[in-house]
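*Asks:* Show me how the following folds:
(2 chains)
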Protein chains: 2
Amino acid sequence: MSNQDIPTAAISRLVTYLRILEALELQDVSRTSSNDLAERAQVTAFQVRKDLAYFGRFGTRGMGYTVPLLKRELMRVLGLNRTWNVVIMGVGRLGQAIANYPGASDYQFGYVGLFDVNPELVGQEIRGLTVRHADDLAGFVRTQPVDLGFLAVPPEHAQAAAQTLVAAGIRGVLNFAPTIIQPRTHPGSSDPTDEWKQVSVENVDFLAGMKRLAFYTLNPSLRPNEIVSEHPKIMEE
Amino acid sequence: MSNQDIPTAAISRLVTYLRILEALELQDVSRTSSNDLAERAQVTAFQVRKDLAYFGRFGTRGMGYTVPLLKRELMRVLGLNRTWNVVIMGVGRLGQAIANYPGASDYQFGYVGLFDVNPELVGQEIRGLTVRHADDLAGFVRTQPVDLGFLAVPPEHAQAAAQTLVAAGIRGVLNFAPTIIQPRTHPGSSDPTDEWKQVSVENVDFLAGMKRLAFYTLNPSLRPNEIVSEHPKIMEE
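*Replies:* Numbering: from 1, shown residues only, chains lettered A, B, ... in the order given. Prediction:
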C-alpha cells in the first residue's frame, strides 16, 4: 500500500461498513450493494465505492458484494485478521471494563499484560493475568512482544502513562481517558521526537454517543428514518 | 427547528467540532476559523460551514469564530446546556466504568438511578446511589423524571433491557453492549410500535477505536500528518 492520501474519515467509515456487514451477517443477509451500505451508513454510494477503491476491487460490477467476503476483506484491510498483543495501563473500573468487554477477542486483540500503580490492584488477578506495577512495563515488553497499549488511567495521568508506553517501545496507543494525548516534541518545536514519530495514537471520545443521544432525544423529528427501519443504521463511532 | 434533512453524519461532526473547541480552549486558543476546524476534523471548510449553517449563523464573515462562544452555541444545539436525568441498566464493570467516567457531569448528564438483576449488585451503593432491581424501573420512573437510559448489560440481554427502558417511558437509549438494538415492530411489519416511534437509540461501537488503531499501527505511512502536529486532530468517535 503506497502512501496515498487516504483521509482518516475513510478509515472510520470502513469501520462502520464492517459493523454493518457484521449486523447483516447476523441477520443471514448474504448480499449487499454500495447503495445499501450507503443508506445504512448515511453516506453516498459514490463515497462507499471510493472508500473501498483505496484498497482494491471488491465485488462484481452491477452485482454488489457478498457479505461474508467483503467483511473478510475489510477485516484484512483493517489488520483485524492478525493477532494484536495488548497491554492495558490502568485497571480501575474502566480498564477492567475494557479487559472484559465482549467482542474484543473476536478481532484477536489479546490482553497479555495489565498494569497499574495502585498498590491495591498490583498483584491482583484479572482475567487470568496478574496486575503488574507500571514501572515494570519496560522490562515486561523486553520479554514479551506487545503491539498496542490501551490507556485507562485518570485524565491527569494519561500523558505520562502514554509516555511510559512509548518509551517501552509500544507503537500504538488507544486513549480512553477524557483528554487528548499529545506526541512529545523536540523542545521549542512542534516536531515529534524520534520515538513518537513511530507512534499511532487514537483518542476515544467516550462521551460522543451521549452527546448525539442528547441531540436526537431533544429533536426527535430530526431522527433519521433509518433508525426505525428494519435494519437500523449503525452509528459511526 | 423544522424537520429538515440534517444527516446524522453532520451531528457526529458537530460532536467532533465541540471536542476540538474544548481542546482549543484548554490550550487558551481564543479564535478559530472554518478552515482551521476543517483541518483538525479532516473535512472541508465548506462542510464545516454547511454543518453549522443548519443551526444558525455563528461567527462573523471573514473573521472566524470565537472559541468559547462557538463552543457554547454547539453545546446549546446539542442539548448539552440542560440537565439529563440518566439511569444505567447493568452496573457490572462496564456500567460502573460509565457511572464513574470523568467528564459526563461536565455535560450535566446526572445519574439518578442504577439498575441490575444480579443479587450481588442489587442493594449495593455506587456513587451514592443504591443499585435497584431492574423490575423496579417502571415504579422508579413514576416517582422521578428520567430522560435517558444507558445500557451496559451483556449483549444477549441488551434487547430485552432496552424494551424495559422503553416500556417504562424512557425516550433515549444509549447502548454500550456489542449488539445493535432494534426497535420493536408491529408483527409482520417493519413499522415500530407506537412507544418505539418516540425513542432515539444510539449504538456505541466500543471497539471502533481499536479497529482504527490496528489499521494505523499496521500502516504508519498512512497516518495523517495532523496526528503529529502541535494540536493533534481529534478523531471522530
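*Asks:* list the buried ones in the biggest strand by length in chain A?
*Replies:* In chain A, taking DSSP state E as the definition, the longest strand is strand A:109-116. Within strand A:109-116, the residues that count as buried by 16 or more other Cβ atoms under 10 Å in any protein chain shown are A:Phe109, A:Tyr111, A:Val112, A:Gly113, A:Leu114, A:Phe115, A:Asp116. Using the backbone N, CA and C atoms, a C-beta is placed for each residue, glycine as well.
*Asks:* just these that are near chain B?
*Replies:* When contact is defined as Cβ under 8 Å from any Cβ of the partner chain, the buried residues of strand A:109-116 meet chain B at A:Phe109.
*Asks:* these two touch, right, A:Ile126 and A:Gln96?
*Replies:* Yes - with contact defined as Cβ atoms under 8 Å, A:Ile126 and A:Gln96 form a contacting pair (6.2 Å).
*Asks:* between these two, which one's more packed in?
*Replies:* A:Gln96 (24 against 18; other Cβ atoms under 10 Å in any protein chain shown).
*Asks:* now check the helix or strand where that one lies, is it near chain B?
*Replies:* Using DSSP states H and E, A:Gln96 sits within helix A:93-100. Yes - Helix A:93-100 is in contact with chain B by Cβ under 8 Å from any Cβ, via A:Arg93, A:Leu94, A:Gln96, A:Ala97, A:Asn100.
*Asks:* out of these, who's nearest A:Leu70?
*Replies:* A:Asn100 (30.0 Å; Cβ to Cβ).
*Asks:* The closest one - nearest residue in space that isn't next to it in sequence?
*Replies:* B:Arg93 (5.4 Å; Cβ to Cβ, 6 or more residues apart in numbering or on different chains).
*Asks:* Look up how far B:Asn118 lies from the one you found.
*Replies:* B:Arg93 sits at a distance of 12 Å from B:Asn118 (criterion: Cβ to Cβ, to the nearest Å).
*Asks:* Look at those two and report which has more neighbours.
*Replies:* B:Arg93 (20 against 13).
*Asks:* mind listing what the more buried one touches?
*Replies:* Taking Cβ atoms under 8 Å, 6 or more residues apart in numbering or on different chains, we find B:Arg93 in contact with A:Arg93, A:Gln96, A:Ala97, A:Asn100.
*Asks:* sorry, back to before: mean confidence score for the helix holding A:Gln96?
*Replies:* The pLDDT scores in helix A:93-100 average 93.
*Asks:* Run through the strands of chain A in chain order.
*Replies:* Using DSSP E, strands in chain A cover A:31-32, A:65-66, A:84-89, A:109-116, A:125-126, A:129-130, A:132-133, A:148-151, A:172-175, A:200-203.
*Asks:* is it possible to export those strands to a markdown table including mean pLDDT?
*Replies:* Shown next, in a markdown table, are the strands of chain A (pLDDT from 0 to 100):
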| stretch | mean pLDDT |
| --- | --- |
| strand A:31-32 | 96 |
| strand A:65-66 | 95 |
| strand A:84-89 | 97 |
| strand A:109-116 | 96 |
| strand A:125-126 | 94 |
| strand A:129-130 | 96 |
| strand A:132-133 | 98 |
| strand A:148-151 | 97 |
| strand A:172-175 | 95 |
| strand A:200-203 | 90 |
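*Asks:* A:Asn81 contacts A:Lys71, doesn't it?
*Replies:* No - counting by Cβ under 8 Å, A:Asn81 does not reach A:Lys71; the two are 10.8 Å apart.
*Asks:* between the two, who's got more neighbours?
*Replies:* Remark: of A:Asn81 and A:Lys71, A:Lys71 carries more neighbours, 21 against 14, as counted by other Cβ under 10 Å.
*Asks:* Check the gap between that one and A:Thr83 for me.
*Replies:* 19 Å.
*Asks:* quick one: which two of the buried residues of strand A:109-116 are the most distant?
*Replies:* A:Phe109 and A:Asp116 (19.2 Å).
*Asks:* ok, the spatially closest residue to A:Val86 that is not a sequence neighbour - contacts?
*Replies:* Once flanking residues are discounted, A:Val86 sits nearest to A:Leu148: 4.7 Å by Cβ to Cβ, 6+ apart. Neighbouring residues of A:Leu148 by Cβ under 8 Å, 6+ apart: A:84-87, A:109, A:170-174, B:210, B:213-214, B:217.
*Asks:* Now with 6 Å, please.
*Replies:* A:Leu148 makes contacts with A:Trp84, A:Val86, A:Gly172, as judged by Cβ atoms under 6 Å, 6 or more residues apart in numbering or on different chains.
*Asks:* Dig out what it forms beta bridges with.
*Replies:* A:Val86, A:Gly172 (DSSP bridges).
*Asks:* so where do the helices sit in chain A?
*Replies:* For chain A, the helices defined by DSSP state H occupy A:8-26, A:34-41, A:45-53, A:67-78, A:93-100, A:137-143, A:155-167, A:194-197, A:208-218.
*Asks:* Quick one, which of these gets closest to B:Gln42.
*Replies:* With Cβ to Cβ as the criterion, B:Gln42 lies closest to helix A:8-26 of these, at 5.1 Å.
*Asks:* The closest one - what's its average pLDDT?
*Replies:* 90.
*Asks:* other SSEs contacting it?
*Replies:* For helix A:8-26, the elements it packs on are helix A:34-41, helix A:67-78, helix B:208-218, judged by 3 or more Cβ pairs under 6 Å, 6 or more residues apart in numbering or on different chains; DSSP states H and E.
*Asks:* what do you get if the cut-off is 10 Å, keeping everything else the same?
*Replies:* Judged by 3 or more Cβ pairs under 10 Å, 6 or more residues apart in numbering or on different chains; DSSP states H and E, helix A:8-26 is in contact with strand A:31-32, helix A:34-41, helix A:45-53, helix A:67-78, helix B:8-26, helix B:208-218.
*Asks:* Pick the most buried one from the ones you listed.
*Replies:* helix B:208-218 (a mean of 24; mean count of other Cβ atoms under 10 Å in any protein chain shown).
*Asks:* C-alpha coordinates for that one, PDB please?
*Replies:* What follows is helix B:208-218, C-alpha atoms only, in PDB (Å, rounded to 0.1, in the frame of the first residue of the first chain):
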ATOM      1  CA  ALA B 208     -14.200   1.300  16.800                       C
ATOM      2  CA  GLY B 209     -11.100   2.900  18.200                       C
ATOM      3  CA  MET B 210      -9.300  -0.400  18.500                       C
ATOM      4  CA  LYS B 211     -10.000  -1.200  14.800                       C
ATOM      5  CA  ARG B 212      -8.800   2.200  13.600                       C
ATOM      6  CA  LEU B 213      -5.700   1.900  15.800                       C
ATOM      7  CA  ALA B 214      -5.000  -1.600  14.300                       C
ATOM      8  CA  PHE B 215      -5.100   0.000  10.800                       C
ATOM      9  CA  TYR B 216      -2.800   2.900  11.600                       C
ATOM     10  CA  THR B 217      -0.300   0.800  13.500                       C
ATOM     11  CA  LEU B 218      -0.100  -1.600  10.600                       C
END
